[in-house]
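> return atomic coordinates for the entry below.
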Amino acid sequence: MKRNSSGRKIPIHALSSLLLLFVSHVQSFAQSPLQLWIQHYHQTTFADRWDVTADYGYRWMPESSSQHIGRIDFGHHFGDNFRVSTGIAHLGSYESYKIRSSEIRPFQSISTESSLGNLILSHRIRIEERIYHYQDDGENANADLFEVRARYSLGTSFSLFRWSENASLDLGVSDEVFFNVVSAEEGQFFDQNRFFLTPTVVCNDQLSVAFAWCNQLSPGPKNLSSEYLFWLQIKSKIDL
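Presented below is the predicted three-dimensional model:
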């Protein structure tokens, strides 16, 4: 969806509230595990409203852990604001550079976008069928597990500065919650929650670079575990 460059400006008190929200996390951020993620997304759009999106990323986590993810997604647009898609992902988890587990993840998604002046509001629902194979020496060694997870994302974005019709500095604010519909661990319905603040440099219609900050909550041994991550996202697009 293209932004309306003549839309209303975002009030200064809204930006102040976002800044206060960010500052309120600084103290806990210093005491929490830090993850670094980098990911490239590419979308090819066809004239008949079909598109293909592919991405690949790598994640560095505390205590010598890491993870890679590759994904491909086939989608169809109904109108300008409604998209239905299906795809598959592959993930590998490592500890001390040794493979711990692998995952095959088919998924189905529905997403919508709407605009109000300079503001874009987005929703996405995704269902994932997760097939794990563990290769470590723990209690799940050589085990195959199956889970179904539901995800709901709500986000908004707007332009902070615009230096040409197709180039701008944007800010995104979003939250995504994950629920286990079918879980290998009995009684674990809540899986995680991710809250994002995402400044994005939009270079043109084909390229943007985002620097996302995220607070991730997940179940711990007794209480919720809080982690922070920085996520570099490079997004490219081609229209055929």
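> what about residue 46, how many neighbours?
By other C-beta atoms under 10 Å, 12 other residues sit near residue 46. Any C-beta I mention is one placed from the backbone N, CA and C, and that applies to glycine too.
> go on, the one 4 residues further on?
Residue 50 is surrounded by 14 other residues when neighbours are defined as other C-beta under 10 Å.
> residues contacting it?
Counting by C-beta atoms under 8 Å, 6 or more residues apart in numbering, residue 50 touches 74-77.
> quick check: the farthest pair among those?
74 and 77 (11.9 Å; C-beta to C-beta).
> most neighbours among the contacts of residue 50, which one?
Top of those by neighbour count (other C-beta under 10 Å): residue 75, with 19 neighbours.
> separation between that residue and residue 208?
Going from residue 75 to residue 208 by C-beta to C-beta, to the nearest Å gives 19 Å.
> picking that back up, between residue 74 and residue 77, which contacts overlap?
50-51.
> tell me the helix or strand right after the lowest-mean-pLDDT helix or strand in the chain.
The helix or strand of the chain with the lowest confidence, counting by mean pLDDT, DSSP states H and E, is helix 26-30 at a mean of 48. Proceeding N to C from helix 26-30, the next assigned helix or strand is strand 34-45, under DSSP states H and E.
> in the longest strand along the chain, what's buried?
Longest strand in the chain, counting residues (DSSP state E): strand 144-164. With burial defined by 16 or more other C-beta atoms under 10 Å, the residues of strand 144-164 counted as buried are 147, 149, 151, 153, 155, 157-159.
> which residues of this protein score low on pLDDT?
1-33, 136-142 (pLDDT under 70).
> one more time with 50, if that's ok
5-10, 23, 25-28, 30 (pLDDT under 50).
> tell me which stretches of it form strands.
34-45, 50-61, 65-78, 82-95, 98-116, 119-134, 144-164, 167-182, 190-204, 207-219, 224-239.
> who does the fourth one pair up with?
Read that as strand 82-95. strand 65-78 (antiparallel), strand 98-116 (antiparallel) (DSSP bridges).
> got the buried residues for the longest one?
Read that as strand 98-116. Buried, per 16+ other C-beta under 10 Å, within strand 98-116: 100-101, 103, 105, 107, 109, 111, 113, 115.
> now the first one
Within strand 65-78, the residues that qualify as buried are 66-67, 69, 71, 73, 75, 77, counting by 16+ other C-beta under 10 Å.
> pretty sure residue 212 sits against residue 195.
No - Residue 212 lies out of contact with residue 195 (C-beta atoms under 8 Å); the separation is 10.5 Å.
> more crowded one of those two?
residue 212 (19 against 16).
> any idea how far residue 38 is from the more buried one?
If you go by C-beta to C-beta, the gap between residue 212 and residue 38 works out to 11 Å.
> ok, the residue lying closest to residue 87 once chain neighbours are set aside - contacts?
Nearest residue to residue 87, sequence neighbours excluded (C-beta to C-beta, 6 or more residues apart in numbering): residue 73, at 3.5 Å. By C-beta under 8 Å, 6+ apart, the contact list for residue 73 reads 52-54, 85-87, 107, 109.
> so residue 143 makes contact with residue 134?
Yes - Residue 143 is within contact range of residue 134, at 5.0 Å (criterion: C-beta under 8 Å).
> the more surrounded of these two?
Higher neighbour count among residue 143 and residue 134: residue 134, with 19 against 14, using other C-beta under 10 Å.
> could you measure from the more buried one over to residue 240?
41 Å.
> all set now, cheers.
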